[in-house]
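[1] no sequence on this one, just coordinates:
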Ligand code: AHR
């Protein structure tokens, strides 16, 4: 199994294309500190906690005045926060959208107020791409594919055994849930012996991951060979459910998850999780650089993707001490 880990410093270099679109945004006076209004999804996972910490620390380091709002996983709270940032005349609005759709109206309001919008972490589906200037975040479809490729390879090593998979999806309507589902399904379609027998949302939280896994175990019992969780927190919650059902996570049920947070590495060291696909939450420095460039009237990349690795359990003990989140 491949083990790749590339530095986050490569992020800016990985930028796809330069495109500042839409109506011109007036450049900020050079001596005025930048004010960014940031609407965060919530505090649903270890990943999110690291993402928030990265944004707050980077803002402090860059001398940015950050107005931070936690949406508690609710789109209406994000819409309210964005409207309040517009009313406060912040220089830049940034947000990580809880779901993909339903943003056109509020983003048009930001555009009319000539306040540039930067998306971080999650994408939106809007009718007019000039409603935001840049999107900084991972390629979630590729993350799902990586999880699928790991499983195909694992199955090859087993000699091509039929495997029943249960899937814990992220928040319904969110980009990572949709994309990770699609990427994984696309790859495992190459092997008809790999079947997803149950798939349900666990909303990216440990508590829901545990609850849904309990239900899967109740209905499917020992039929389950593999758990594919869209994030580590749900996998960690499910591990508890599996143990409480008298089974061995990582052995009786192989577990594939996404994020690469410390909790996942600890579970791998304990032999309870088989692989985690990295999703880097340390987006703060890139967000600050992009916001400063936008405010200075400079062109920025429309899409900034992040290079990430795959960490199987056999490298966990070695890698754990180096993890930053
Ligand atoms: O949008 C990124 C996802 O959101 C992370 O994988 C998950 O842990 C978080 O809640």
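    Cool, got the structure. Bear in mind the structure is a predicted one, so any value in this text is a computation, not a measurement.

[2] which positions in the stretch 101-250 of the chain make contact with the ligand?
    Within reach of the ligand by CB under 6 Å from any ligand atom, the stretch 101-250 of the chain has these residues: 121-122, 176, 204, 231, 233. To be clear about C-beta, it is placed using only N, CA and C from the backbone, and glycine gets the same treatment.

[3] return the subset of those residues lying in helices.
    Judged by DSSP state H, helices contain the following of these: 176, 233.

[4] farthest pair within the residues of the stretch 101-250 of the chain next to the ligand?
    122 and 233 (16.1 Å; CB to CB).

[5] which one's more surrounded, these two?
    Remark: of residue 122 and residue 233, residue 233 carries more neighbours, 30 against 23, as counted by other CB atoms under 10 Å.

[6] what distance do you get for the more buried one to residue 258?
    Between residue 233 and residue 258 the distance is 10 Å, computed by CB to CB, to the nearest Å.

[7] repeat for residue 78
    23 Å.

[8] higher neighbour count, these two?
    Taking neighbours as other CB under 10 Å, residue 78 and residue 258 compare with residue 258 leading, 32 against 26.

[9] check contacts around that one.
    By CB atoms under 8 Å, 6 or more residues apart in numbering, residue 258 lies in contact with 143-144, 147, 176, 180, 229-232, 276-279.

[10] look through the stretch 51-200 of the chain and state the residue closest to the ligand.
    residue 176 (4.3 Å; CB to the nearest ligand atom).

[11] could you report the neighbour count for that residue?
    Neighbours of residue 176 (other CB under 10 Å): 27.

[12] over to the one 5 residues further on?
    Summarising burial for residue 181: neighbours were counted as other CB under 10 Å, giving 20.

[13] how about the one 5 residues further on?
    As a burial measure, residue 186 scores 13 neighbours (other CB under 10 Å).

[14] once you drop chain neighbours, what's closest to it?
    What sits nearest to residue 186 in space, not counting adjacent residues and going by CB to CB, 6 or more residues apart in numbering, is residue 145, at 6.5 Å.
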